[in-house]
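1. what's the 3D shape of this:
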Amino acid sequence: MVCIASTPVAGNPLPVNVAAVWGGFLYEGLLAPARDQERVTLILDSWGCGCLELVMAVCEYLPGLWLQIADVWNRHDLDFPGVFEYEVVSAFGAWLGGWLLENNGRLPTFDQAAEAIARLINRFLHQELREFWRGPLCLEAEIGVAH
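-> Numbers count the residues shown, from 1 in each chain. The predicted structure follows:
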């Protein structure tokens with residue numbers, strides 16, 4: 001993906017195979033969850049630059065996501081408590097869609113996106129303990145996903 005190569009990451013770059021999978025899950029969260037076309041149409045209309053351009057633009061956040069999880073990801077002795085792609089990457093795509101709708105088609109800054117990613121990763125890595133103490137988690141309340 002060209003959009004991945006355009007954001008240099010020193011030391012431990014985002015693996016191409018991970019980038020490809022994450023790009024699919026990011027798209028899923030951003031545009032695929034709508035049972036009807038209303039949300040997709042609203043997101044694309046607010047963005048105003050086309051679907052391909054939106055996917056390329058949101059893929060620019062993937063190296064930042066990788067930076068936050070790479071050390072944990074590369075530990076072979078760690079079992080994740082769920083499926084990272086569904087619970088973090090796709091959820092981040094949903095958050096981005098909500099952000100676009102709430103901010104007149106403007107994407108968040110990298111710092112704003114990094115904060116959302118950090119909340120999603122924290123929620124994901126600590127979900128078993130949190131579910132024990134609080135009951136089922138509400139993604140929308142945790143990270144501010146708009147419908």
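2. just the C-alphas of stretch 14-21, formatted as PDB.
-> The C-alpha trace of stretch 14-21 is given here as PDB (Å, rounded to 0.1, in the frame of the first residue of the first chain):
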ATOM      1  CA  LEU A  14       4.500  -2.000  10.200                       C
ATOM      2  CA  PRO A  15       4.800  -5.400   8.500                       C
ATOM      3  CA  VAL A  16       3.200  -5.400   5.000                       C
ATOM      4  CA  ASN A  17       1.100  -8.400   5.700                       C
ATOM      5  CA  VAL A  18      -0.200  -6.800   8.900                       C
ATOM      6  CA  ALA A  19      -0.900  -3.600   7.100                       C
ATOM      7  CA  ALA A  20      -2.900  -5.400   4.400                       C
ATOM      8  CA  VAL A  21      -5.100  -7.100   7.000                       C
END
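3. just give me how far that stretch sits from the chain centre.
-> Centroid separation for stretch 14-21 versus its chain: 14 Å, with CA atoms, centre = their mean, to the nearest Å.
4. I'd like the average pLDDT over it.
-> Mean per-residue pLDDT for stretch 14-21: 94.
5. which parts of it are buried?
-> The neighbour-count check on stretch 14-21 (16 or more other CB atoms under 10 Å) flags 14, 18-19 as buried. Where you see a C-beta, it was placed from the backbone N, CA and C, and this is true even at glycine.
6. poorly predicted segments of the chain, please.
-> For the chain, the stretches flagged by pLDDT under 70 are 1-10, 33-34, 36, 76-78, 128-147.
7. report the separation between the spatially most central residue of it and residue 11.
-> The residue lying closest to the centre of the chain (CA atoms, centre = their mean) is residue 92, at 2.5 Å. Distance, residue 92 to residue 11, using CB to CB, to the nearest Å: 22 Å.
8. show me how far stretch 104-115 is from its chain's centre.
-> 11 Å.
9. again with stretch 110-124
-> 8 Å.
10. buried residues, that stretch. List them.
-> Within stretch 110-124, judged by 16+ other CB under 10 Å, the buried ones are 113-114, 116-117, 119-121, 123-124.
11. in PDB, list the C-alpha atoms belonging to it.
-> Listed in PDB are the C-alpha atoms of stretch 110-124, where the atom choice follows Å, rounded to 0.1, in the frame of the first residue of the first chain:
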ATOM      1  CA  PHE A 110      -2.600  12.100  14.400                       C
ATOM      2  CA  ASP A 111      -2.500  13.000  18.200                       C
ATOM      3  CA  GLN A 112      -6.300  12.800  18.400                       C
ATOM      4  CA  ALA A 113      -6.300   9.500  16.600                       C
ATOM      5  CA  ALA A 114      -3.400   8.200  18.800                       C
ATOM      6  CA  GLU A 115      -5.600   9.000  21.900                       C
ATOM      7  CA  ALA A 116      -8.500   7.000  20.500                       C
ATOM      8  CA  ILE A 117      -6.200   4.100  19.500                       C
ATOM      9  CA  ALA A 118      -4.600   4.100  23.000                       C
ATOM     10  CA  ARG A 119      -8.100   3.800  24.600                       C
ATOM     11  CA  LEU A 120      -9.000   1.000  22.300                       C
ATOM     12  CA  ILE A 121      -5.800  -0.900  22.900                       C
ATOM     13  CA  ASN A 122      -6.100  -0.400  26.700                       C
ATOM     14  CA  ARG A 123      -9.700  -1.600  26.600                       C
ATOM     15  CA  PHE A 124      -8.700  -4.600  24.500                       C
END
